[in-house]
Structures are given as C-alpha cells and as structure tokens.
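S.K.: sequence and predicted structure below; questions after.
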Amino acid sequence: MTSDILREPDSSLRSELGKYRFSILIPVRFGDLDAFGHVNNAKYLTYFEEARMAYWLNLFSIDFDNPKSLGIILASASVNFRSPAGIGETLKVLARVATFGNKSFQMEYRIEDGVNGKLVADGTTAIVCFDYDKNKSVPVPEDVKKKILAFEHKS
C-alpha cells in the first residue's frame, strides 16, 4: 500500500462528525480473560472488529457467500488501554467513522463499562477500500461515503 492511502485526511471532517451514533454491548466472557483475571489485550481488537462489522451491517448488506463483496481491508489498528475489565462486566463498544481519505477511512472506537460508563479502552483502525480481484486499493465509493456521512450526521 502506498503512503497516500494512509495520509492524514482533512481534520475538519472529524469535527463535523461529532458524537458516536453506534454502539453494541459485549459481555466479558471467561475466554476473554488472561492469567491475571482481566480482559486480555488482544481481545480489545476483537471487540473493535465486532463493533466494526455490526456498524457495517447496520448500513450495508453483505453477501457472506462472496466475502470479496465487502471491498474493505484493515490496514492498521491501535488500542489505548485505560482501565481493566473483568468477568461479569458488560462492555459498551462505540464505533464511528471519523475521517475519510481518498482510498480509506478511519474508524474510532470507545469501550466503556456498560453500567457506569467508565472508559476502558479506545482506539482507531484504518480501513482501505480494496478490489480483491485486482488486488489493489481503490477510491472510497461515493455511495458508501454518502451513506456513512448521512448516518453519522443524524441528530
């Protein structure tokens, strides 16, 4: 991938998009824990993935018989660990599209305790639009961008 895909998009879009408008609840499962009894660091990326797929399914139909129809690929991910979570907790995972580039968009995530709203983790992923048949990145389709912007701008 070329560096122009992951260039810093126009920051004015971030302030336009504002609040998180999408969230899911995820119960902490025993298998999510590490030897110290709190959620293992790798699980937070799984929580981001679950929220990302639920977000995408909320806006678009996906042909699971043809995975190439999705047309996106994860380019990078980062997680900031803020406080531990443990068994018996339900986490609220918020997701939003924060910025657009020519061929990519950045999603932001916030994971909170589902009861008291305490910040547990936050992070980002860079998603690149991808043509799997040609094995190359492509511009963000205008209809996809418009649908995401319409969703994110709802009051």
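M.R.: In hand now; what should we look at?
S.K.: next, the contact list for residue 147, please.
M.R.: By Cβ atoms under 8 Å, 6 or more residues apart in numbering, residue 147 lies in contact with 59-60. (Each C-beta comes from the backbone N, C-alpha and C, glycine too.)
S.K.: distance of it relative to residue 56?
M.R.: Residue 147 sits 11 Å away from residue 56, going by Cβ to Cβ, to the nearest Å.
S.K.: now swap in residue 74 and tell me
M.R.: For residue 74, the distance to residue 56 equals 12 Å [Cβ to Cβ].
S.K.: more neighbours, the two?
M.R.: Counted by other Cβ atoms under 10 Å, residue 74 and residue 56 do not tie: residue 56 has more neighbours, with 18 against 15.
S.K.: that one touches residue 62, doesn't it?
M.R.: Yes - applying Cβ atoms under 8 Å as the test, residue 56 and residue 62 come out as touching, 6.8 Å apart.
S.K.: so what sits against both of those two?
M.R.: Common contact partners of residue 56 and residue 62 (Cβ under 8 Å, 6+ apart): residue 70.
S.K.: where do the helices sit along the chain?
M.R.: Remark: helices assigned in the chain by DSSP state H are 12-17, 43-59, 142-152.
S.K.: low-confidence ranges, the protein, go.
M.R.: Along the chain, the parts satisfying pLDDT under 70 run over 1-18, 67-68, 154-155.
S.K.: before we move on, back to that, so which of the helices of the chain comes closest to residue 26?
M.R.: Set against residue 26 and scored by Cβ to Cβ, these come closest in helix 43-59, at 5.7 Å.
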